[in-house]
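> no sequence for this one, just the structure:
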């Protein structure tokens, strides 16, 4: 056994002034230090300090909520990297996507981003499923379930708006098919029931160039304006909204009594 | 083998597969005490044991293992954007099994007067550092490895440059919306694409306010929450995930149905013989021809819809849903019944289509108002 007073290299580094200025508690050995490690860290502080035993079991939580958040972060990082190379115009978009695979070193960012998007939808669905099966939406957590449903919708909208950006046949037709339904919105779409009622004399207020589909696409069909709209919504609009709801969602978990459990 | 494949092809016709799944569903996930006793008697709860899990997954793997030897099957399953859905299938079934197994275990404990497995002494807590953070770290590492391996081995799909003049056949929405696209077979876009999705979202949000059962919170159980779980799974598995599978794997050119081992042939012809309710009544049954007045023409359809939403709920409140009505009160009950009836419109419309070739119950194309 080595001299207990003699410090190893690792300990010396951990206790250096520099590292102590960052991680004030040092290496958490004692119970107190372990609690402080969570309390003193802005990111870890998302957690409570102590949890009931069932709450750390993968069998119970499936990790799906946390993984959804993690995949969201992966998507944010890869998305930012992709934005360096991608120009949302009809002339450049498709060519930029090809360049991403062929010219950019380590060109799997688009793959990680695309498969990550699919993965996030799956993890969010499974998270919802877990929350349902454990009855965790019951009082006092009703409102957080509502927020969760909104987050699910936003996740699908994020994925949907991103689907157009490669500007290939798959993209344009998926968005065409998906947005065609909007023209049948009651009252707001020009082929929707009730739209004909919104008229002054024989002037229709809701027509192909003024209905909700037009607002979504910025035109009567998927084109240049749609690409820009979806790009802005995908990179700024929806991430902005989903972050607000995520903050509320996480905060409410703590405020509604932490993770659900049997009493 | 070919005979076997053609049997599977015809068994996966939506009519047959959906009817089969609906029939089996209520025995596997019984919503009432009566069905629960039958479920127990048939020993169907053994699905939610380790042996049952092995059984389910062997079946799945054998089906997929043999399936991928078929060219047509391989073509749909390995299409890059379809890979996540294959993953979703396995994950959904795995987690369904996992939650139901834990539910079954807890039900046995609860019946013996014990606390559920999740229960621990409230004073006996664990610290987040290190007990939770290391699990999170492992989960993150595994998830990153999965994503990287997936990204290295499977290129993201990229087809020819966008061209609005050249529409692919079939044109499909992203997979998570294919349930909605599949609904377009049975409903007009204003219902399938706008009204029903809004109902799905609002219905999901309404769950905690409708569900008045306070039992079964914070642990897996089936027995204490059978009605809720059965209804939720019916919507999620049969009306959502199942429709996505049909829409992704079994719908080919012209949105025609193709079995999993069938070639997506452009020349497959399916006769369009659908007729509206008004035509069925006036032309086929009364043999008079359609009246000119729209409301007279659609009288039967409109009465059907109005009756469905106005007469059926109070009727249900007095008969089979009596217990729910007295427990929930009028407001929550109305919400519940409207959501329930609306979600049942899809199977109703499916069966009307399959049996009577019915296109619309109410058809007023003059105002784009078709139901």
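Everything's here; your move. Since the structure is predicted, the reported quantities are computational estimates derived from the model, not experimental observations. Numbers count the residues shown, from 1 in each chain, chains lettered A, B, ... in the order given.
> tell me what the strand or helix carrying residue B:229 is packed against?
Using DSSP states H and E, residue B:229 sits within helix B:226-233. In terms of contacts (3 or more C-beta pairs under 8 Å, 6 or more residues apart in numbering or on different chains; DSSP states H and E), helix B:226-233 is packed against helix A:109-133. The way it works is simple: take the backbone N, C-alpha and C, and place the C-beta from them, glycine included.
> sorry, back to before: list the buried ones in the helix holding residue B:229?
B:226, B:228, B:229, B:230, B:231, B:232, B:233 (16 or more other C-beta atoms under 10 Å in any protein chain shown).
> I figured residue B:105 hits residue B:114, correct?
No - counting by C-beta atoms under 8 Å, residue B:114 is not a contact partner of residue B:105; they are 10.6 Å apart.
> which one of the buried residues of helix B:226-233 is nearest to residue B:342?
residue B:231 (12.7 Å; C-beta to C-beta).
> which strand or helix spans residue 94?
I'll assume chain A. Applying DSSP H and E, one finds residue A:94 within helix A:93-102.
> actually it's chain B I care about, not the one you picked
Counting by DSSP H and E, residue B:94 is part of helix B:83-111.
> any idea which of the buried residues of helix B:226-233 is closest to chain A?
Closest approach to chain A among the buried residues of helix B:226-233 (C-beta to the nearest C-beta): residue B:232, at 5.7 Å.
> neighbours around residue 128, how many?
If you meant another chain, say so; for now it's chain A. 22 (other C-beta atoms under 10 Å in any protein chain shown).
> wrong one, I was asking about chain B
The burial count for residue B:128: 24, using other C-beta under 10 Å.
> got a list of what residue A:14 touches?
Counting by C-beta atoms under 8 Å, 6 or more residues apart in numbering or on different chains, residue A:14 makes contact with A:26, A:27.
> so for whatever residue of chain B ends up closest to chain A, what's the pLDDT?
Using C-beta to the nearest C-beta, the single residue of chain B nearest to chain A is residue B:193, 2.5 Å away. For residue B:193, the pLDDT comes out at 89.
> doesn't it lie inside a strand?
No - looking at residue B:193 with DSSP: H, G, I helix; E, B strand; the rest coil, it is helix, so not inside a strand.
> so it touches residue B:180, yeah?
Yes - using C-beta under 8 Å, residue B:193 is in contact with residue B:180, at 6.0 Å.
> which residues are in contact with each of those two?
residue A:181.
> quick one, which of those two is more surrounded?
A direct count of neighbours by other C-beta under 10 Å for residue B:193 and residue B:180 places residue B:193 higher, at 28 against 24.
> wait, what's in contact with residue B:209?
So residue B:209 contacts A:142, B:332, B:335 (C-beta under 8 Å, 6+ apart).
> a markdown table for those residues, including neighbour count?
Below are the contacts of residue B:209 laid out as a markdown table (neighbours: other C-beta atoms under 10 Å in any protein chain shown):
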| residue | neighbour count |
| --- | --- |
| A:142 | 16 |
| B:332 | 17 |
| B:335 | 16 |
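> ok, which stretches of chain B are strands?
Assigned by DSSP state E, chain B shows strands spanning B:125-127, B:363-364, B:369-370.
> closest to residue B:309 out of those?
That would be strand B:369-370 among those, by C-beta to C-beta, at 15.4 Å.
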